[in-house]
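*Asks:* Here is a sequence together with a model predicted from it:
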Amino acid sequence: MKDLRKYLDRQVRGHRYEISQRRDPAFHTLFSLLDPGFELTDELIASTRGSEVQQAMQELMAAVESSDKSDERARRLLDYRYYHNYDLEMIRVGAPGGVKAQPISLGRSGRNLSGGENQAPFFISMLAAFRRVYDLGGSRSMHLGLVVMDEAFAKLSGDGVEDCLELAREFELQLLMAFPVDRLGVMAPFAHTIILCEKEEERDAAGYVTRVDNIPTRLTAQQAIESLT
């Protein structure tokens, strides 16, 4: 989480992104067991929280014993990923008057945003997650940072695509992306190699397709840009 927050801690088109982590109140008894550890060596803590700890231990043991049954609460109790609620928050940078802007919760407000507004935080956080997975170490040696995307950035505007591609470059990620030709003008300036794929079909007298050829043409970014003009 700390590494992911570090990679997200940068401004992207007037916003910063943060991942929040809050304890799920449904597991409050469990945290009374986890916080001090399973052994309460402090007598004062033991005397004041003994009943809570005992209840948490009983719940945990009951979950272990029923783990082979279809008990949803037991399943969640045995999976630490459910202990916290996570959210991605978008914070506007440079609010008028120097007032700190209220974070926008993507978890709560994401459905009310347009496709592009909703997709941009997703791609930004995904690229940060890939950066965390590969954990690249500067420019000391060659790295593998491969990210494969089909119909890349489909709902984003041109500006949003450029922001994501700049971020990927900053993260030293290697992108292998499939996208429609109408995105070529936005993507080409960031590309090292472009493969233009064209499809040719042959049909019989009845109109049925009898043969399909996929024809790849390798272009440089400059050639792709020139083809648009």
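*Replies:* In hand now; what should we look at? Numbering: from 1, shown residues only.
*Asks:* Please report phi then psi for residue 92.
*Replies:* For residue 92, the backbone dihedrals are phi -70, psi 130 (criterion: degrees, to the nearest 10).
*Asks:* sec struct for the nearest residue to it once chain neighbours are set aside, please.
*Replies:* If you skip the residues right next to it in sequence, residue 92 has residue 101 as its closest partner in space, 4.0 Å away by CB to CB, 6 or more residues apart in numbering. The way it works is simple: take the backbone N, C-alpha and C, and place the C-beta from them, glycine included. Following DSSP: H, G, I helix; E, B strand; the rest coil, we place residue 101 in the coil state.
*Asks:* Wait, residue 101 touches residue 90, no?
*Replies:* No - using CB atoms under 8 Å, residue 101 is not in contact with residue 90, being 9.4 Å away.
*Asks:* between these two, which one's more packed in?
*Replies:* A direct count of neighbours by other CB atoms under 10 Å for residue 101 and residue 90 places residue 90 higher, at 22 against 14.
*Asks:* That one: helix or strand, and which one exactly?
*Replies:* Take DSSP states H and E as the rule and residue 90 turns out to sit in strand 84-92.
*Asks:* For that strand, enumerate the helices and strands it packs against.
*Replies:* Strand 84-92 sits against strand 15-23, strand 104-105, helix 106-109, helix 115-134, with contacts defined as 3 or more CB pairs under 8 Å, 6 or more residues apart in numbering; DSSP states H and E.
*Asks:* Now do the buried residues in the last one.
*Replies:* I take that to be helix 115-134. The neighbour-count criterion (16 or more other CB atoms under 10 Å) identifies 117, 119-121, 123-125, 127-132, 134 as the buried residues of helix 115-134.
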